[in-house]
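Engineer: need a 3D model of the following:
(one chain, ligands or ions: 2)
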Amino acid sequence: MADLQPIDAALVALLADVCPVAIESVLLEAAAGRVLADAVTAQLNVPPFDNSAMDGYALRAVDAGKWLPVSQRIAAGTPAQALAPGSCARIFTGGEIPPGADCVVMQERVDVDGERALIPADVPSGDNVRRRGRDVRQGSVLLNAGERLEAAALGHLAGQGVTQVSVRRRPRVALLSTGDEIIDPGTPLKPGQLYNSNRPMLKRLLENFGAEVVSTVSVPDDYARTVALLKEAAEADLVVTTGGVSVGEEDHVKAALEAIGQLDMWKLAIRPGKPLALGRLPRRDGSQARFVGLPGNPVSGFVGAWLFLRPLLGTMLGCPALSQLPTITASANFATSTGPREHYMRVTLQFTPSGVTADAFDDQNSGVLSSCISADAFAVIPANSEIAKGDSISCLWLAGA
Ligand SMILES: Nc1nc2c(c(=O)[nH]1)N[C@H]1C(S)=C(S)[C@@H](COP(=O)(O)OP(=O)(O)OC[C@H]3O[C@@H](n4cnc5c(N)ncnc54)[C@H](O)[C@@H]3O)O[C@H]1N2
Ligand code: MOO
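Structural biologist: Residues are numbered from 1 along each chain as shown. Ligands and ions are numbered 1, 2, ... in the order given. Sure thing, here's the model as predicted:
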């Protein structure tokens, strides 16, 4: 096992000299999940004017504690007139604070008699006023480059009147499934065959990690076909294969990669996913596509996608949030021991008043995809270690995709 490469070294090799993908402009309404290419400076204050946080009456705080004439009515969306001293204005939530007024009292606290309102005495200046620029100051950085455009960020951009946004192009991924025994759903299974579970699983993960899957290809266990299909796939930014990276005579991916491209790393000290291969493939124009060869076992593909495809895509997209998974410490609700490989166990997390506990799926075999269905995290069990129930373990939280 001395030839197993440490995971840290594999990540360094994977992320070395990765170029960010190009920039494109998209409509804000089509920008969900995309990664901002440039920082955005706020052009507007938000809110753009002082406005009321309540339905009620706007006044000068010095006039509180008296009956005041109601001199105007300010609905949201209508401009306010200056407020004469000793009067108040009927105002609605979101309505513009009239010049001169400095507070709003909610209507539940006010007695009204015709065109007069009795304002309680304890209304401090500034009460229920949402100041101009309280959320966003004109000229400040609204969003940084590398921000993934999720719900609140999209709202923030729309709040600036933005219609078009500059984002990183989605990295294009060619997803190749190797194995003569693997067939697509829709055809009855013959003896020895099984359906391709890796393809839809990885497609979904890749898309969640910001990529566009531009081709899905089935590759037979044949060296010449593997070479030909890898060459074709290399026109994408990233080529991901499943299966065929181990040591059997029918495992052609590594040999094909070495023949036409470059193998940067193979065989990692990781369970599951040991035969994972990293490298590059040449394109017709002389540039190179990145290559990640995932082992065929579905759990190896699932773990490999989170640990390697996610940071690789995060780096291509210039998105730090995608490059690192949050870690959380939990108390192990199981016992286990490891050999020479670091074990990424699929666990569910329980948040209790006394702390976080991790329950491991019973069968942690790399062919048992059920272990990934409800997994919230990977418990990272170091190589050559013993874990007893109640021990503190570090987990990688599968958040954000
Ligand atoms: N003599 C050795 N044999 C194996 C070793 C080893 O070190 N020495 N390593 C084992 C480990 S660990 C793994 S992981 C596997 C990985 O092998 P491959 O990457 O070559 O994958 P395959 O053999 O093609 O497939 C493995 C397994 O997964 C099934 N599979 C493949 N693709 C799919 C798919 N798209 N959907 C569903 N299932 C898939 C395939 O039928 C096999 O059962 O090698 C061990 N062997
Ligand atoms: O790396 Mo393999 O997936 O451990 O079985």
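
Engineer: out of the helices and strands in this structure, which is least certain?
Structural biologist: helix 320-323 (a mean of 91; mean pLDDT, DSSP states H and E).

Engineer: ends of stretch 260-278, how far apart?
Structural biologist: Its start and end residues considered, stretch 260-278 measures 14 Å (C-alpha to C-alpha, to the nearest Å).

Engineer: hmm, that stretch touching ligand 2?
Structural biologist: Yes - using C-beta under 6 Å from any ligand atom, we find that stretch 260-278 touches ligand 2 at 271-274. Backbone N, C-alpha and C define where each C-beta goes, glycine included.

Engineer: closest to Leu27 out of those?
Structural biologist: Closest approach to Leu27 among those (C-beta to C-beta): Gly273, at 38.9 Å.

Engineer: rewinding a little: give me the residues contacting the least confident helix or strand of the chain.
Structural biologist: 35, 146-148, 209-210, 310-311, 313-315, 400 (C-beta atoms under 8 Å, 6 or more residues apart in numbering).

Engineer: out of the residues you listed, which is most surrounded?
Structural biologist: When the contacts of helix 320-323 are compared by neighbour count (other C-beta atoms under 10 Å), Leu313 ends up highest, at 28 neighbours.

Engineer: did I read that right, it in a helix?
Structural biologist: Yes - judged by DSSP: H, G, I helix; E, B strand; the rest coil, Leu313 forms part of a helix.

Engineer: near ligand 2, which residues of this structure? Just list them.
Structural biologist: Selection of the chain residues close to ligand 2 by C-beta under 6 Å from any ligand atom yields 271-274, 295, 297, 300, 366.

Engineer: out of those, which are close to ligand 1?
Structural biologist: By C-beta under 6 Å from any ligand atom, the members of the residues of the chain next to ligand 2 lying near ligand 1 are 272, 274, 295, 297, 300, 366.

Engineer: ok, which pair from those residues is furthest apart?
Structural biologist: Every pair of those checked by C-beta to C-beta; the farthest is Lys274 and Asn297, at 9.9 Å.

Engineer: leaving out the residues flanking it, which one is nearest to Gln72?
Structural biologist: Ala89 (4.8 Å; C-beta to C-beta, 6 or more residues apart in numbering).

Engineer: next up, the contacts around the one you found.
Structural biologist: Contact analysis of Ala89 by C-beta under 8 Å, 6+ apart lists 57-59, 70-74, 80, 83, 98, 101.

Engineer: what of Glu386?
Structural biologist: Going by C-beta under 8 Å, 6+ apart, Glu386 touches 335-337.

Engineer: just how off-centre is stretch 178-192 within its chain?
Structural biologist: Relative to its chain's centre, stretch 178-192 lies at 33 Å (C-alpha atoms, centre = their mean, to the nearest Å).

Engineer: the helices in the stretch 101-250 of the chain, which residues?
Structural biologist: Counting by DSSP state H, counting those that start in this stretch, the stretch 101-250 of the chain has helices at residues 151-158, 198-208, 223-233.

Engineer: dump those to CSV, plus distance to Gly244.
Structural biologist: Formatted as CSV, the helices of the stretch 101-250 of the chain follow (distance: least, C-beta to C-beta, whole Å):
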stretch, distance to Gly244
helix 151-158, 40
helix 198-208, 12
helix 223-233, 7
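
Engineer: I'd say Pro275 and Leu294 touch.
Structural biologist: No - the pair Pro275 and Leu294 fails to qualify as a contact (C-beta atoms under 8 Å) at a distance of 9.0 Å.

Engineer: which residues of this protein lie near ligand 1?
Structural biologist: Neighbours of ligand 1 within the chain, by C-beta under 6 Å from any ligand atom: 177-179, 181-182, 194, 196-199, 242-247, 251, 272, 274-275, 295-298, 300, 366.

Engineer: out of these, which end up buried?
Structural biologist: Buried members of the residues of the chain next to ligand 1, scored by 16 or more other C-beta atoms under 10 Å, are 177-179, 181-182, 196-199, 242-246, 251, 272, 274-275, 295-298, 300, 366.

Engineer: ok, so of the ones next to ligand 1 among the residues of the chain next to ligand 2, who is nearest Gly161?
Structural biologist: Taking C-beta to C-beta as the measure, Gly161 lies nearest Ser300 of those, at 47.5 Å.

Engineer: which residues in the stretch 51-200 of the chain form strands?
Structural biologist: 51-52, 56-59, 67-74, 88-91, 103-106, 111-113, 116-118, 129-130, 141-143, 164-168, 172-178, 182-183, 194-195 (DSSP state E, counting those that start in this stretch).

Engineer: list the contacts of the longest one.
Structural biologist: Counting contacts by C-beta under 8 Å, 6+ apart, the residues outside strand 67-74 that touch it are 52, 57-59, 80-81, 83-84, 86-92, 95-96, 98, 112-113, 115-119.

Engineer: and what of the first one?
Structural biologist: Strand 51-52 is touched from outside by 58, 74, 76, 91-97, 104, 128-130, with contacts defined as C-beta under 8 Å, 6+ apart.

Engineer: again with the second one
Structural biologist: For strand 56-59, the external contacting residues (C-beta under 8 Å, 6+ apart) are 52, 68, 70, 74, 83, 87-91, 95, 97-98, 101-107, 109-110, 117, 119, 123, 128.

Engineer: can you show me the CA trace of that strand as PDB?
Structural biologist: Below are the C-alpha coordinates for strand 56-59, written out as PDB (Å, rounded to 0.1, in the frame of the first residue of the first chain):
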ATOM      1  CA  GLY A  56     -49.200  54.700  11.300                       C
ATOM      2  CA  TYR A  57     -48.400  58.400  11.700                       C
ATOM      3  CA  ALA A  58     -45.200  60.300  10.900                       C
ATOM      4  CA  LEU A  59     -44.300  63.300  13.100                       C
END
